[in-house]
Each structure stands twice: as C-alpha cells, then as structure tokens.
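A.B. asks: Sharing a sequence plus its predicted fold:
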Amino acid sequence: MEEYLLYGSGGHAKVVLECLRSENKSTIGLFDDDTSIFFFKNIKVFGKYDAKRHKDVKVIVTIGNNKIRKSIAEKILHPFGISIHRSALVSSEATIGKGTMVLHRAIIQADARIGNHAIINTNAIVEHDCVIEDFVHVAPGAVVCGNVHIGEGTLVGANAVIAPNIKIGKWCLISAGSSVLEDVQDNSLVK
C-alpha cells in the first residue's frame, strides 16, 4: 500500500484522507503549523514541517486557500503525490500535475491539462482542452466548459459556470453561482 503524508489538518484534509483511502493509499502522518494538534482522525500529527521525516514519502498540501497552499508547497522538499478519488472520471488523455487533488465525482475530459497543486473539487467538471494552471481551485459543482484557460491561483466558486473559449487571469475570484461569458483580467473579482 502506497503511503502518503499530508500538510494541513483542516476540513480539506478530511476530504483528501477519504480520497486516498478510496485509492487504497494510507496516510502515515500529517504536518501542521499548529503544534497543539497531536492527532487528526486518529492519524499522528508531527507538528511543523520536517524535511527529514519520512523524506521519501509523497506529500499532498491539504490547504484549501490557494495562496497558503502555494506558500507551503514552495517550501516542501518531499516528493509530491496526487490524489484522485475512485469516483472521479478522468480522461486517459488528460494530464494532472503533482500535488493535485481530484475529488469525489469530479470529471476531467480529454486533453485537459491540470497544473500542480490544484483542487478539482466534488462534482466539478473540467471539459476538453482546458488549461487549469497551478494552485487553482475549481470548487464543488463548478463547470468549466471546453477550451478555457484559468490562470494561477484563481478560485472558481461553487456552481460557477465558465463559458467555452474564455481566458481567466491569475489570482481571480469567480464568485459562487457566477456565469462567466467573457475574458477576465488578472486579480479580478467576478460576481
């Protein structure tokens, strides 16, 4: 059974633990900056990150906040793993970057490219030929139609819909339930 380490012991970690279990992978421990936490879901919390602890075991940064996930991932010296829940449908022609999490019942279609440390959340859909850059979070129920490009760190809110052929810049916030029908510049808020 392949072993993993997680970094972060919040709500997102609970979901990733279930994903790993669905793949018959085990979690041998967690790192967390909160040194008052000793166990999480009956799994040992080691405290702050230690590059020497289980140095060959893959890590997934289980922090939902894109900026925090990026700042932590940049400090990790361990190899990064990938978690894809067994109920997710991922095309054999899609590519998934290191540290990325594809959660329950998500769909990723042909020739989609998902970057590093992204989250494709529960029931999210990423259609054909999309490019989802590093540290993007496509929230539960969001639909990203074909040939969309989403820049680094952007959050696509729950149940948002991105029309085909749209380009969304870096570090944007697409509000829950939004319909995006035109390109979005970097650092924009779409309501």
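C.D. replies: Sure thing, it's come through. Numbering: from 1, shown residues only.
A.B. asks: Pop the domain breakdown of the chain in here.
C.D. replies: The chain breaks down into these structural domains: 3-73, 82-180 (assignment by automatic domain parsing).
A.B. asks: For these, state which one has the densest average packing.
C.D. replies: Highest mean neighbour count among the domains of the chain (mean count of other C-beta atoms under 10 Å): domain 82-180, with a mean of 20. C-beta coordinates here come from the backbone N, C-alpha and C atoms, glycine included.
A.B. asks: Can you give me the end-to-end span of that domain?
C.D. replies: End-to-end distance for domain 82-180, by C-alpha to C-alpha, to the nearest Å: 29 Å.
A.B. asks: Specify the stretch among the domains of the chain that is closest to residue 188.
C.D. replies: The minimum distance between residue 188 and the domains of the chain falls on domain 82-180, with 4.8 Å, by C-beta to C-beta.
A.B. asks: Just checking the distance from that closest one to the centre of its chain.
C.D. replies: 9 Å (C-alpha atoms, centre = their mean, to the nearest Å).
A.B. asks: center of the protein - which residue?
C.D. replies: Note on the chain: the residue nearest the mean C-alpha position is residue 119, at 1.9 Å, using C-alpha atoms, centre = their mean.
A.B. asks: Could you give the bridge partners of it?
C.D. replies: Taking DSSP bridges as the rule, residue 119 bridges to residue 101, residue 137.
A.B. asks: OK, contacts around it?
C.D. replies: Each residue near residue 119 by C-beta atoms under 8 Å, 6 or more residues apart in numbering is listed here: 12, 64, 100-101, 103, 136-138.
A.B. asks: For the domains of the chain, give me TSV that also has distance to residue 188 and mean pLDDT.
C.D. replies: Formatted as TSV, the domains of the chain follow (distance: least, C-beta to C-beta, whole Å; pLDDT from 0 to 100):
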stretch	distance to residue 188	mean pLDDT
domain 3-73	15	97
domain 82-180	5	98
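A.B. asks: Distance to residue 187 for those domains - can I get that in a markdown table?
C.D. replies: Shown next, in a markdown table, are the domains of the chain (distance: least, C-beta to C-beta, whole Å):
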| stretch | distance to residue 187 |
| --- | --- |
| domain 3-73 | 12 |
| domain 82-180 | 5 |
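A.B. asks: longest helix of this protein?
C.D. replies: Taking DSSP state H as the criterion, the chain has its longest helix at helix 11-22.
A.B. asks: out of the contacts of residue 119, who's nearest residue 42?
C.D. replies: Taking C-beta to C-beta as the measure, residue 12 is the one of these closest to residue 42, at 17.8 Å.
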